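Student: One predicted model, sequence on top.
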Amino acid sequence: MKILVVDDEFQMQPLFEQRFRHETNRGEVQLTFARSGEEALALLPDSGVVLILSDINMLGMSGLELLRRIRNIHPHRPPAVVMLTAYGDQNNRQQASLYGADDFLTKPIDFKLLKEKLGEYVIHNHTTGL
Amino acid sequence: MNISWFELNVSAVAAAALLTLCLAILGYLASLPDKNRDAKLFTVYHVVLSLFYVINFIRKLLVYPPSLGYTTALSNILLAISFLIFVWFAYECGGNPYKRESYAVMFLLTVMVWTPLFVFDVGKIHITMGLPHLFGVMWVIGIYERKARRVEHEYGRPTPVSKMFGGFQKWAIITMIGWLVAIYNPLASLLSLPSFTLWYYVVQPLQLILITYSVTVFLNYTPQRTSFQAKVVGLVLCPLLIILALTPFLLRQLIVNLPNFDEVNHQISSAFLILIPLTALVVIVGLPRFLLSNLLSPLNQILEGVRQVDAGNLMVQVPVTVRDEIGDLAQNFNQMTQSLRQSKEELTQYAETLETKVAERTQELKQSLDNLKAAQNQLIQKEKMASLGELTAGIAHEIQNPLNFVNNFAEVSAELAEELAQTVSAGDIPAATALSADLRENMGYIVENGQRASSIVRSMLEHSRSSTGERRPTDLNELADEYLRLTYHGLRRSGQDADFQVQLCTQFEEGLKPVMVAPQDIGRVLLNLYNNAFYAVQQKHRQMQKTVLAGAGEEAQAPYQPTVWVSTRQVNGSVELSVRDNGVGIPEAIRDKIFQPFFTTKPTGEGTGLGLSLSYDIITKGHGGEMVVDTKPDCSTELIIRIPLEIHT
């Protein structure tokens, strides 16, 4: 299961690597990182990524814009797109839902919850409402 | 009843009248204080004239021939002297513009006047003695004429001095008439013409009028101050003496055919001789007394009252001593002071109420000012809070992100620590070493992010707290960057377009010198400039979207890339910071209003209209810098602040 994490905070990489170290070691999960929406869009084609975890507030292209563009190319998952944001207000949630996000999680990230939901994101092969 | 050596006759009476008048005038002239040159000469003239009239009086009394000859000679000499003074006075009064001429004329006239006296018998009256006088008087008329014209020519109009010359000229003309009359009879007998029998009716009054007139002219026009009493006395005395001098002549005509003419004539003459000095005495002594008690002293009291009123004493009351016009004046004066007192009291009262009113109004104004200040402070606080609200999203992002790391790294570290313990007990040293390295790294992340969060909280507090205005050396690049991040992350807050993204271009000059500023204040300025820039590009973005929806397809339209440029650079003695955007720009019409308080283009409730105004004050007044705007409507806006490195405020 290939996961792409998009965030402009570089410490996301060590955090995800440590949190998913067991899954990574067991070969269940493969992690890829992008520091901006543009970078994510560039490495997405033919990458086999099935889940994208993206921040919303980023310098340059925002997470929502990234979501919109991805859904332009892939109207349905895969890849599943989950928004991760520090400012989870109603407006952002609505926008994300409108653009076809699969889920909306707020920071600080609850990794336990995230891991529980991982199966959902991949198994159900249809667009879910929030 | 004639005594051997003298004889009382009417001529003597006239001479006595002349002498009395002349002495009275001389007395008054002598009593004038601070006499100038002209006044002195005039007085000397009257001294000589008085002497002449003394001799004249004696001459009229005497009948003894030898003594008659001596007195006539003395009379002639005095007449000659008085004549020369008369001419000299004509030249000298009011300044002598004809010095050389005057010396020559004086010399000539002296010769002319004295020659007949010594060529002929000085003890007799001779026609040749009168002719130089006649000539001299005519010359004097000419002198006054020339002097008057000269003065009028100089000033272009009649002046008091020219009028004085005119007055003295008339004096000279009357003198000339007198001399003509005096000379006519001897001349007539020489040329066998009919004689002028009534000549003494003319000559006596002429002399009286002459003396009075000359003194009147002199007193009217010379700078010597004269009293009202003197004028009244002169006015009464002169006609009285004229009447007294002429009456005996008239009476003589009536009694000349009486058998006892000599006796009656003598009695009449002696009666008038007593009457003249008596009348003069009564007029000179009595009249001033009457004037003093009935006119002058009440007038003086009123005058004193006027002075007191002028000095501010309105309580003054003048005693009303007489029941006439003067009394009425005093009464009216008292009424006037009373009404003045009333007016003054009213004025004082009014002034007092005015003062109270002014004090009340001042108090009210002060109250309003205090209210205004309070309102202003509230507004400023509101503006601060509003800009803080704009920051909320940015702050949430900036706090939640570090918190995310702190929480998660701490949790994962706990797991790692447990694993470390297991690997150590299993004896797997390389794995344990790797885990401990991870742990150390994680601790670093935790500390770093904790600090990041607390720094955010600190700057948020700093922003909301009242500025101390304390300046410290600040790296403007760092400050500009920090606030740019805060503002940018605050951008995507409620109600804003999610697909809207701004490109940020920063160009911070390296090695920028630290500037002495109050970081909180400058932070607020930056926040305002950034927010305005983002607002402008967002407006533009919305406009573009509308035109896209309304018009051609997306591909036809050149894509709009909202961009905000922030740059710093050092220029001479100051640091320049520029915030530029490619937003909607500022229309020409409102360009000079943007720094005004409460001016805003945002919808009601969204902007306080204080942001740029406060920023402007912070930069210009607070830091001695400048803030300028450069904008192209529908294209771009650039706000530039320049802060001097050395602040003098």
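Tutor: Yes, it's here. Residues are numbered from 1 along each chain as shown, chains lettered A, B, ... in the order given.
Student: Is residue B:167 in contact with residue B:219, as I believe?
Tutor: No - using CB atoms under 8 Å, residue B:167 is not in contact with residue B:219, being 10.4 Å away. (C-beta placed from N, C-alpha, C; glycine too.)
Student: what's the overlap in contacts for those two?
Tutor: Shared contacts of residue B:167 and residue B:219 (CB atoms under 8 Å, 6 or more residues apart in numbering or on different chains): none.
Student: is stretch A:110-120 anywhere near chain B?
Tutor: Yes - remark: stretch A:110-120 sits within contact range of chain B at residue A:111, by CB under 8 Å from any CB of the partner chain.
Student: Rounded mean pLDDT for that stretch, please.
Tutor: Computed over stretch A:110-120, the mean pLDDT rounds to 86.
Student: Just the CA coordinates for that stretch, please, in PDB.
Tutor: Taking C-alpha atoms only, stretch A:110-120 is exported to PDB below (Å, rounded to 0.1, in the frame of the first residue of the first chain):
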ATOM      1  CA  ASP A 110      -4.300  10.800  15.800                       C
ATOM      2  CA  PHE A 111      -2.200   8.000  14.200                       C
ATOM      3  CA  LYS A 112      -4.200   5.300  15.900                       C
ATOM      4  CA  LEU A 113      -7.300   6.600  14.300                       C
ATOM      5  CA  LEU A 114      -5.500   7.000  11.000                       C
ATOM      6  CA  LYS A 115      -4.300   3.400  11.000                       C
ATOM      7  CA  GLU A 116      -7.800   2.200  11.800                       C
ATOM      8  CA  LYS A 117      -9.200   4.100   8.900                       C
ATOM      9  CA  LEU A 118      -6.400   3.000   6.400                       C
ATOM     10  CA  GLY A 119      -8.400  -0.200   5.600                       C
ATOM     11  CA  GLU A 120     -11.500   1.800   4.800                       C
END
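Student: Tell me how many other residues surround the residue of the stretch 151-300 of chain B found nearest chain A.
Tutor: Nearest residue of the stretch 151-300 of chain B to chain A (CB to the nearest CB) works out as residue B:156 at 95.4 Å. Residues within reach of residue B:156, counting by other CB atoms under 10 Å in any protein chain shown, total 7.
Student: And the residue of chain B found nearest chain A, what's its pLDDT?
Tutor: Nearest residue of chain B to chain A, counting by CB to the nearest CB: residue B:400, 3.2 Å away. Looking at residue B:400, its pLDDT stands at 82.
Student: where along the stretch 201-350 of chain B do the helices fall?
Tutor: B:228-255, B:261-281, B:287-291, B:297-310, B:325-426 (DSSP state H, counting those that start in this stretch).
Student: can you give me how far whichever helix or strand comes after the last one is from the chain middle?
Tutor: What that stands for is helix B:325-426. Next along the chain after helix B:325-426, taking DSSP states H and E as the criterion, comes helix B:429-464. Put simply, helix B:429-464 sits 79 Å off its chain's centre (CA atoms, centre = their mean, to the nearest Å).
Student: Quick check: next helix or strand after helix B:429-464?
Tutor: Heading C-terminal from helix B:429-464 (DSSP H and E), you reach strand B:472-474.
Student: interface residues of chain A facing chain B?
Tutor: Residues of chain A lying close to chain B (CB under 8 Å from any CB) are A:9, A:11, A:14-15, A:18-19, A:56-57, A:59-62, A:64-65, A:68, A:85-87, A:89-92, A:95-96, A:99, A:106-109, A:111.
Student: For chain A, which helix extends over the most residues?
Tutor: Counting residues, the longest helix found in chain A (DSSP state H) is helix A:111-123.
Student: For it, buried residues please.
Tutor: In terms of neighbour count (16 or more other CB atoms under 10 Å in any protein chain shown), helix A:111-123 has its buried residues at A:111, A:114, A:117, A:118, A:121, A:122.
Student: domains for chain B, by residue range?
Tutor: Chain B breaks down into these domains under automatic domain parsing: B:10-307, B:472-492+B:501-548+B:561-649.
Student: Where does chain A get nearest to chain B, residue-wise?
Tutor: For chain A, CB to the nearest CB, closest residue to chain B: residue A:86, 3.2 Å.
Student: pretty sure that residue contacts residue A:92?
Tutor: No - with contact defined as CB under 8 Å, residue A:86 does not count as touching residue A:92 (10.3 Å).
Student: measure the spatially most central residue of chain A to residue A:28 for me?
Tutor: Note on chain A: the residue nearest the mean C-alpha position is residue A:53, at 1.4 Å, using CA atoms, centre = their mean. Distance of residue A:53 to residue A:28, given as CB to CB, to the nearest Å: 16 Å.
Student: and what of residue B:518?
Tutor: From residue B:518 to residue A:28 the distance is 55 Å (CB to CB).
Student: Same drill for the two, tell me which one is more crowded.
Tutor: The neighbour count for residue B:518 versus residue A:28, taken as other CB under 10 Å, is higher for residue B:518 (18 against 11).
Student: Does the more buried one touch residue B:473 like I think?
Tutor: No - taking CB under 8 Å as the definition, residue B:518 is not a contact partner of residue B:473, at 11.6 Å.
Student: Confirm for me that residue A:10 is in contact with residue A:34.
Tutor: No - in terms of CB under 8 Å, residue A:10 does not count as a neighbour of residue A:34; the distance is 11.4 Å.
Student: the more surrounded of those two?
Tutor: Neighbour count, other CB under 10 Å: between residue A:10 and residue A:34, residue A:34 has more, with 21 against 9.
Student: Which of the helices or strands spans the closest residue to that one other than its chain neighbours?
Tutor: Distance criterion CB to CB, 6 or more residues apart in numbering or on different chains; nearest residue to residue A:34, sequence neighbours excluded, is residue A:40 at 3.9 Å. Assigned by DSSP H and E, residue A:40 falls within helix A:37-43.
Student: Would you confirm that the residue of chain B closest to chain A contacts residue A:86?
Tutor: Yes - assessed by CB under 8 Å, residue B:400 is found in contact with residue A:86 at 3.2 Å.
Student: so what sits against both of these two?
Tutor: Jointly contacting residue B:400 and residue A:86 under the rule CB under 8 Å, 6+ apart are A:106, A:107.
Student: follow-up on the earlier one: name the strands paired with the helix or strand hosting the residue nearest to the centre of chain A and say parallel or antiparallel.
Tutor: Secondary structure assignment for residue A:53, by DSSP H and E: strand A:49-55. Next to strand A:49-55 in the sheet, as set by DSSP bridges, lie strand A:2-6 (parallel), strand A:80-85 (parallel).
Student: Kindly reformat those strands as TSV containing mean pLDDT and mean neighbour count.
Tutor: TSV is the format used below for the strands paired with strand A:49-55 (pLDDT from 0 to 100; neighbours: other CB atoms under 10 Å in any protein chain shown):
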stretch	mean pLDDT	mean neighbour count
strand A:2-6	92	22
strand A:80-85	88	24
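Student: Appreciated, that's everything.
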